[in-house]
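Trainee: what shape does this take:
(chains A and B)
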Amino acid sequence: MKDSMIRGADIVVRSLIAENAEIIFGYPGGAIMPVYDALHDYHDELRHVLTRHEQGAIHAAQGYARVSGKVGVCIATSGPGATNLITGLADAQIDSTPLVCITGQVASHLLGTDAFQETDVVGISMPGTKWNIQVRKVEDIAPAIAKGFFIARSGRPGPVLIDITKDAQTNFGDFNYSKCLGFRSYRTHIPVEKTAIQEAAFLINMAKRPYLLFGQGVVLGQAEEELKAFLEKSGIPAACTLLGSGALSEDHPNYVGKLGMHGNYAPNMLTNQCDILIAVGMRFDDRVTGDLKRYAKQAKVIHLELDPAEINKNVKCEVAVLGSCKDSLALLTAAVKENSYPDWMARFKELADQERATVIEPDLTPTKPGLTMGEVIFQINKYKADDAILVTDVGQHQMISWRYFNYKKPRTQVTSGGLGTMGFALPAALGAQMYDFSRQVVCVVGDGGIQMTIQELGTIMQTKAPVKIVLLNNNFLGMVRQWQQMFFDKRYSFTELDNPDFIKIAEAYNIQAQKVSVRDDLQEAIEDMLIHDGPYFLEVVVEKEDNVFPMIATGCSVEEVRLS
Amino acid sequence: MKRYTIFVITENFIGILNRITIIFTRRGINIDALTASESRLEGIHRITIEVTASEDTVIQLVNQIEKIIDVIKAFYHEDESVVYQEIALYKIPVSRLDGGLEKIIRQHNAKIIAAEPDFVVLELSGHKEQTQELLEILKGYGLLEFARSGRVAVAKRMLTIDSFVK
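Mentor: Numbers count the residues shown, from 1 in each chain, chains lettered A, B, ... in the order given. The predicted structure follows:
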């Protein structure tokens, strides 16, 4: 053995450092112990956060990746450690979050023998990863990690899983790291076709009622400035998807609101009245489109998209502009005429006023005694920093927070969009906060979701991450209850919760906590929370049976969006 | 619904076939037949998948297959634009060999490729309709075993895989 040789486990850690990973989230166990042993030598170069569950580790890595734009890293052991990552992998896959997950595996001679804590994690994780691989030889570790990081962050980002057998971690090998710059089966750069731009510009220049929808692709492609420039020149109104929020400041004059099941009234209604629909970095999710047979049938669709598989998947388009929207938006801006659509814009305003009067005013400044979720977000908005990050879980509180949190900057929104993973928020907020302790990270969560990953309060305690946790407690699984009320004759089947004393739980974790149940105390409590140095837990008891509106019921058309 | 042949040109990595087939499984689409082999370029494999579906569905399948990181290229063809062949083997007991069978073998251009004390093995290559026709006839001759391959196919279009492998 040459002196220059190091253990596979050291190669793992040094490869992560070579990829500029600063922080990793994880949980130790038998098959990953050599890597944990190696980590002990690299405290200064690579920070490790010990979560309380592997699901917490991967959601934390997701939160970190979403706010930083970097690849999130998490590690877990074989068997149950690895299977506990699956929900996070599926979540990251559907929301295009770049992750590299490293799992330990039993020694290679034991593979396939049902050894202790052996599970076929490569097989199990296949549908939920952009790419995965099992490494059985020490010399394959560094190339796999290099390839993994490249795949995770390039093209349409996504999660990668690298399963490393224990013997590969303990054997010795040479370490010469070379970054992956590409390989023949994987195309990352698609040059924008000039003819597509010309065709798109032609349609846009002829349009009477053009309308632009933007999604997370704008953020992932770092095309926020290009989007703004395009909108300002073309004068076209623009609405965002759930994950597109923040790509354009909500104060921008062209911004008309949010799309989808619980989006705004005007953006949904007018989807079926525009003549040209320009979709940028979004994938026409069913929660955005409602019934596809009655979705924007009158419009010619122009789709700006990086992933060829998204073209014509749900909505057939007239013009497909393949490539990064950073490139295509810039080219399109140059090709379109300066324009404005005052009458068309006025239609958005008119419908927005209706929504304001019937939904928003009662939500934000209620007159009934019970606290609304909306007024809590309204108070947070008053005191938050411009670049505050909002992390939400899944359910009513998520939709209300999204609707009323006034997004101004990119990467200030972290939520589980495509997968709808309850339990996401608390660990994701921790991960987001670990990226930057100086940023305000507000974690809004429901009483159902928080109990799915409540153990991560322990990680918040240990890291002292100054996350501001706002628990909106209605003692119900609120979104399911709302559906039961609206579509299942109010048969509240297993949606009411007997909850623990959350304040005691928070305090047991040494996190400062406060509970508010009357309106008069709300404002001060939120101020207290936001100025507090360190983590804070604020429980707000809200109206038990409030509903989220507007709403497009499943199977309905976007123009059937209901205000009540 | 129509019959399509999907060609997949791929790197030879463990698990690639699994990644391809779960795309069909997830959408509840049956694979009629599948063959995989090394291509004429070292390290590059060629997978031929036969599927009955609408063209829209096949386009989605091909797009999803091509999205797989280690897949170099995927494309699809209707039957008319590929030259394809399948091979079938038929095991017949020696006791049933007679003049009638000889005629059948000649008519179908089948071959006897193995003769054992108890049985002979016939081989026929062709389209499914042809191998199926012989199968139906041989059922009357005490057919012991039958196996048919998936299709191997080449496109009529003048394109070579070299153009995808740079």
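
Trainee: and residue 96, what does it touch?
Mentor: You didn't say which chain, so I picked chain A. Applying CB atoms under 8 Å, 6 or more residues apart in numbering or on different chains, one finds that A:S96 lies in contact with A:156-158, A:216, A:220. Where C-beta positions appear, they are placed from N, C-alpha and C, glycine not excepted.

Trainee: to clarify, I was referring to chain B.
Mentor: B:141-142.

Trainee: gap between it and chain A?
Mentor: To chain A, B:R96 is 43 Å away according to CB to the nearest CB, to the nearest Å.

Trainee: for the residue in chain A positioned nearest to chain B, list the residues it contacts.
Mentor: Residue of chain A nearest chain B, by CB to the nearest CB: A:A309 (3.9 Å). Contact criterion CB under 8 Å, 6+ apart gives B:60, B:63-64, B:66-67 as the residues in contact with A:A309.

Trainee: overlap between these and the residues near chain A?
Mentor: Checked against chain A using CB under 8 Å from any CB of the partner chain, the contacts of A:A309 yield the following neighbours: B:60, B:63-64, B:66-67.

Trainee: what's the closest of the contacts of A:A309 to chain A?
Mentor: Using CB to the nearest CB, the shortest approach to chain A within the contacts of A:A309 belongs to B:N63, at 3.9 Å.

Trainee: residues touching residue 85, list them.
Mentor: Since no chain was named, I'll use chain A. Taking CB under 8 Å, 6+ apart as the contact definition, A:L85 lies against A:54-55, A:57-58, A:74, A:76, A:101, A:103, A:125, A:161.

Trainee: that was the other one, I meant chain B.
Mentor: B:Q85 makes contact with B:125-127, B:151-153, according to CB under 8 Å, 6+ apart.

Trainee: continuing past the helix or strand harbouring it, what's the next helix or strand?
Mentor: When secondary structure is defined using DSSP states H and E, the element that contains B:Q85 is strand B:82-93. Downstream of strand B:82-93, the next assigned helix or strand under DSSP H and E is helix B:99-108.

Trainee: the very next helix or strand once past that next one to strand B:82-93, inter-axis angle?
Mentor: Note on helix B:99-108: by DSSP H and E, the next helix or strand toward the C-terminus is strand B:111-115. Regarding strand B:111-115 and strand B:82-93, their directions subtend 40 degrees when assessed with axes from the mean of the first three to the mean of the last three CA atoms, to 10 degrees.

Trainee: partner strands of strand B:111-115, parallel or antiparallel?
Mentor: Taking DSSP bridges as the criterion, strand B:111-115 sits next to strand B:119-126 (antiparallel) in its sheet.

Trainee: mind putting the ones next to chain A among the contacts of A:A309 into JSON lines with secondary structure, neighbour count and pLDDT?
Mentor: Output for the ones next to chain A among the contacts of A:A309, formatted as JSON lines (DSSP: H, G, I helix; E, B strand; the rest coil; neighbours: other CB atoms under 10 Å in any protein chain shown; pLDDT from 0 to 100):
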{"residue": "B:Q60", "secondary structure": "helix", "neighbour count": "18", "pLDDT": "97"}
{"residue": "B:N63", "secondary structure": "helix", "neighbour count": "18", "pLDDT": "97"}
{"residue": "B:Q64", "secondary structure": "helix", "neighbour count": "20", "pLDDT": "97"}
{"residue": "B:E66", "secondary structure": "helix", "neighbour count": "18", "pLDDT": "96"}
{"residue": "B:K67", "secondary structure": "helix", "neighbour count": "19", "pLDDT": "96"}
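
Trainee: nearest to B:R40 among the residues you listed?
Mentor: If you rank these by distance to B:R40 using CB to CB, B:E66 comes first, at 21.0 Å.
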